[in-house]
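1. Sharing a sequence plus its predicted fold:
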Amino acid sequence: MSKKIKTLIFAAVLCFAATPFLYIGGQSEGSGLSMVGLALFCVGMAIAPIQQMTASKEPEQAPPAADK
Amino acid sequence: MLDFAVPITLGNWILAFIPIVILLALLVGFRWGAAEAGALTWFIVVLVAVFAYKTPLNTLALETVKGVWSAVFSILVVVWPAILIYEVTHEAGAFDPFRKGMERVTPNRLLQIMAFAWGFAGFLQGVTGFGVPVAICAPLLVGIGVKPLQAVIFALIGHAWNNTFGTIAVAWLALKDVTQISGAEAALTALYAGAFMWLFNFVCGITICWMYGKAKAIKEGLPAVLIISILQGGGTLILSQWNDVVNGFIAGTMGFLIIFVLGRTNWYNKPSSVETDVFVDDVIAEGGETAEDEMGFHLAFSPYYILLTLTLGILLIAPIKNALSVWKWSIPFPETVTGHGFVNPEAAAYGAFTPLAHGATFLLASALIGYMIYSSKGYIKAGGMGRIMGRTIEKCIPATIAMVSLTALSVLMRDTGQAAVLAYGVGTATGGFYAFMSPFVGILGAFMTGSNTAANILFGSFQQTAAQVIGADEAVILGAQTAAAAAGNTIAPGNVLLGTTTVGLLGREGDVLRVTMVVALGLAAVIGIAVMFVA
């Protein structure tokens, strides 16, 4: 499994882990829990675009043959 | 023109439109994948929601959870098992005998593409929906040798015509429900919707031919296009006046079965004479002979037979469907309000998912039973399960990030009033010209929600009100709304992602959109012109 996929698994786990905090915090209007949930979700969401932006600085690879 | 909680100003409209422009620019212009583009756009939607649409923290938190819930239980539950069934079939080496079997049904490759991309996809859409036709037919097209990018485009275009009356007419019923139209008005609306969708259906067939081999392919494929379109589009239209719940299913079934008859005719019982570049080169020259020790067509197709049996047996037999639909998973949400006073009512059972009567479960069961069948016949080699799961996870993870971000941003746009400002802004600015713009609102709804049903729920009553304000025929405007929303499914990022993920083209969503956007927006323009004259 590539490093990129492992990082994206971590990102997905962060997003899903954020939802109980967001749900409970949002329902009880507890801003602390909501903030924790939002922070986790934001980090999870940020990983894929950051990967994209850092990867685009590297030399481009040829597309897979089947994709032509 | 229309009363609405959020101030409909040019500034608010532009701010709501910016995320859509950025998303499309990243996907189509910069060729980012949906996971990366969706996630970055989510941040922009959050900024707009908080600073321009006055969304408080608790509302932001709850709407984000709604987005994650919808992503998982509306789309990802289909994506994950769809990838699994593809990987099981791939591991067993079942696509090659499957392709050879299709050669025996018809050696004409253009008709083979129509069979899966249009006939089978339209049939599946008639029964199950939820993106299953794209997730199943795109890999099947790859299985018969079509290049992955073209396979996704074919499946997206070929299934969408049956979105309104397909899935046992759930999108149509939603439109009737939100607009509360009378029986006579509903019949008239169904007539217009059916007419617009017949046009869309015909365009589907012509587009498939054009992509196959330009004008020569249109000439060769025209008899099939006309016959299939009469049964699918014409059937949907005529049957809508008799029964507006099963008309899509019946028309889809007729359109699929006729392909087996067409394969025997002098038009299509020989190889296509049109040169094409939509097939992988090494497949073109191979014949349809099967070696004695090779898997047979029916065994190769067995997971899909199981899928059909489960789908038809459960969804079309009301007592069984009702009994299995009793068990539902849902989540309650309190009312949420923005600083502008945009209210989302309390939802006691948001996003109900019926695990025993959902296409996703049928897909999962078909994948598992298919694995057992292939394994028992010796077609899955040692370590096969590990390889299947490894490849499945590698494809599922980026798709998961993409769907969570895209659904979260669309729910946030919907529930903070941004989507409504976009639609109401168009209505306010265009006035009498709104008749032309009405299909574009339907497209917008489907683009943002990935669903004909959700688009009708989101904008159905707005379209009705707008028609009343400009003095247009409600039936025409509503017919255009739902037909355009059906076409909008070809450009909805979630649907595109379903196709790219299942054929291993994740990250190439922009390349798909370059083609499907032309079809969807072109069709909306044609419908818009027709609406101006009729309404």
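-> Nice, I can see it.

2. I'd assumed B:F342 was in contact with B:T416.
-> Yes. Taking Cβ atoms under 8 Å as the definition, B:T416 is a contact partner of B:F342 at 6.4 Å. C-beta coordinates here come from the backbone N, C-alpha and C atoms, glycine included.

3. which stretch of helix or strand covers the residue nearest the centre of chain A?
-> Note on chain A: the residue nearest the mean C-alpha position is A:G44, at 2.8 Å, using Cα atoms, centre = their mean. Assigned by DSSP states H and E, A:G44 falls within helix A:31-55.

4. close to chain B, is that helix?
-> Yes. Helix A:31-55 lies in contact with chain B when judged by Cβ under 8 Å from any Cβ of the partner chain; the contacting residues are A:31, A:34-35, A:37-38, A:41-42, A:44-49, A:51-52.

5. which of B:T416 and B:F342 has more neighbours?
-> More neighbours surround B:T416 than the other of B:T416 and B:F342, with 30 against 21 (other Cβ atoms under 10 Å in any protein chain shown).

6. Quick one: residues contacting the nearest residue to B:K395 once chain neighbours are set aside.
-> Excluding its sequence neighbours, the residue lying closest to B:K395 (Cβ to Cβ, 6 or more residues apart in numbering or on different chains) is B:I83, at 4.9 Å. Contacts for B:I83 were tallied using Cβ atoms under 8 Å, 6 or more residues apart in numbering or on different chains; they are B:A135, B:T392, B:K395, B:C396, B:A399, B:T501, B:T502.

7. ok, back up a step: okay but the residue nearest to the centre of chain A is in contact with A:T19, surely?
-> No. A:G44 sits out of contact with A:T19 when judged by Cβ under 8 Å, with a separation of 10.3 Å.

8. Show me the residue of the stretch 201-350 of chain B that gets nearest to chain A, please.
-> Of all residues in the stretch 201-350 of chain B, the one sitting closest to chain A is B:P334 (6.0 Å; Cβ to the nearest Cβ).

9. what's the neighbour count on that residue?
-> Counted by other Cβ under 10 Å, the residues lying close to B:P334 total 16.

10. Could you list which residues are in contact with the nearest residue to B:K377 once chain neighbours are set aside?
-> If you skip the residues right next to it in sequence, B:K377 has B:L299 as its closest partner in space, 6.7 Å away by Cβ to Cβ, 6+ apart. Under the criterion of Cβ under 8 Å, 6+ apart, the contact list for B:L299 reads B:A94, B:P97, B:I373, B:K377.

11. Closest one of these to chain A?
-> Out of those, the one with the shortest distance to chain A is B:A94. That distance is 17.8 Å, counting by Cβ to the nearest Cβ.

12. Please report phi then psi for that closest one.
-> Recorded main-chain torsions at B:A94 are phi -90, psi -10, according to degrees, to the nearest 10.

13. Now for the closest residue to it other than its chain neighbours: which residues touch it?
-> Once flanking residues are discounted, B:A94 sits nearest to B:A300: 3.9 Å by Cβ to Cβ, 6+ apart. For B:A300, the residues meeting the contact criterion (Cβ under 8 Å, 6+ apart) are B:T89, B:A92, B:A94, B:F95, B:P97, B:F98, B:G101.
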